[in-house]
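Novice: whatever this is, show me its structure:
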Amino acid sequence: MLIEDHSVFLVAVGPVPQGNTTALTAHLQTGDASPEALRQHFESTYCMGYWDGESGIAELATNPFCEGREVLQRGSAFHWSGPTFDGETQAQVLRAA
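Specialist: Alright, predicted model coming up:
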């Protein structure tokens, strides 16, 4: 989902989070540093930012690795590119719903 105007944007990328953090907390309390629940928790990213020409710069994000960097590019389509929790780069074209 993308909400934007000429100066600011709010974007949500990834699946809609399911459930709550109970399973995640239980895994982490037992010392499980890489549970599936942790990966799933960070599959979605939400960013709020501003436009610098055609570049969308994230100011606030649920993934701190997005903050201060270009995450959107606007032109004939909107292009998302941002780091995942694992340090990979995810990129996709945002489509109209």
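Novice: quick check: mean pLDDT across stretch 54-67?
Specialist: Here the mean pLDDT over stretch 54-67 is 93, rounded to a whole number.
Novice: quote the end-to-end distance of that stretch.
Specialist: According to CA to CA, to the nearest Å, stretch 54-67 extends 17 Å from its N-terminal end residue to its C-terminal end residue.
Novice: run through who's touching that stretch.
Specialist: By CB atoms under 8 Å, 6 or more residues apart in numbering, the list of residues contacting stretch 54-67 from outside reads 4, 9, 11, 42, 44-51, 68-75, 82-85, 87. Any C-beta I mention is one placed from the backbone N, CA and C, and that applies to glycine too.
Novice: can I assume Ala23 sits in a helix?
Specialist: Yes: residue state for Ala23 (DSSP: H, G, I helix; E, B strand; the rest coil) corresponds to a helix.
Novice: what segments of this protein are strands?
Specialist: 2-4, 8-13, 45-52, 55-61, 70-74, 78-83, 89-94 (DSSP state E).
Novice: of the contacts of stretch 54-67, select the buried ones using a ChimeraX command.
Specialist: This is how ChimeraX selects the buried members of these, with burial counted by 16 or more other CB atoms under 10 Å:
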select :9,11,45,46,47,49,51,69,70,71,72,73,74,82,83
